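Novice: only geometry, no sequence info:
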């Protein structure tokens, strides 16, 4: 895949900073009843860690050549697991026959502008992790 070879690993790491404002938004939506608290750091969502650590990881990995490549691999795998966690909780919170959380309330992520979160931001973050892992496991450097 040519895109994976040309992708800038620094940009693929920094893109995860978007998770910080997303988590702040989810917390506010939970306070207003738009999503269940299980989708915030007060519940079972610790995705904010990726948003907070993205600039640190990018700086550490690309400014000081002391970060082993495997640390970035582990960070990206952890990010995928955290993303899976919030997506599963989001699916279980949305109105459907298997809804487990947020019963009887309107689910904000199904209306504008919040629909951008599951339709654009989540795939972008997923794509960032997949491309970074592909690049990290197939090349010898972090650049």
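Specialist: Everything's here; your move. Quick caveat: nothing in here was measured; it's all calculated off a predicted structure. Residues are numbered from 1 along each chain as shown.
Novice: measure residue 32 to residue 25 for me?
Specialist: Residue 32 sits 11 Å away from residue 25 when distances are taken as Cβ to Cβ, to the nearest Å. Placement of C-beta: from N, CA and C, glycine included.
Novice: which element is residue 101 on?
Specialist: Residue 101 is part of no helix or strand when elements are defined by DSSP states H and E.
Novice: residue 32 and residue 25: who's more crowded?
Specialist: Neighbour comparison, residue 32 and residue 25: the larger count goes to residue 25, with 18 against 9 (by other Cβ atoms under 10 Å).
Novice: residues contacting that one?
Specialist: Counting by Cβ atoms under 8 Å, 6 or more residues apart in numbering, residue 25 touches 114, 117.
Novice: let's see that with 10 Å instead.
Specialist: With contacts taken as Cβ atoms under 10 Å, 6 or more residues apart in numbering, residue 25 has the following neighbours: 34, 35, 40, 108, 113, 114, 117, 121.
Novice: and for residue 122?
Specialist: So residue 122 contacts 22, 83, 86, 87, 90, 109, 116 (Cβ under 10 Å, 6+ apart).
Novice: hmm, which of those are the buried ones?
Specialist: Under a neighbour-count criterion of 16 or more other Cβ atoms under 10 Å, the subset of the contacts of residue 122 counted as buried comprises 22, 83, 86, 90, 109.
Novice: export these as TSV, with columns for secondary structure, distance to residue 76 and pLDDT.
Specialist: TSV is the format used below for these (DSSP: H, G, I helix; E, B strand; the rest coil; distance: Cβ to Cβ, whole Å; pLDDT from 0 to 100):
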residue	secondary structure	distance to residue 76	pLDDT
22	helix	18	94
83	helix	10	95
86	helix	16	92
90	helix	21	88
109	helix	24	86
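Novice: need the residues you listed in JSON lines with distance to residue 6, can you?
Specialist: Putting the buried ones among the contacts of residue 122 into JSON lines (distance: Cβ to Cβ, whole Å) gives the following:
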{"residue": "22", "distance to residue 6": "27"}
{"residue": "83", "distance to residue 6": "23"}
{"residue": "86", "distance to residue 6": "29"}
{"residue": "90", "distance to residue 6": "31"}
{"residue": "109", "distance to residue 6": "32"}
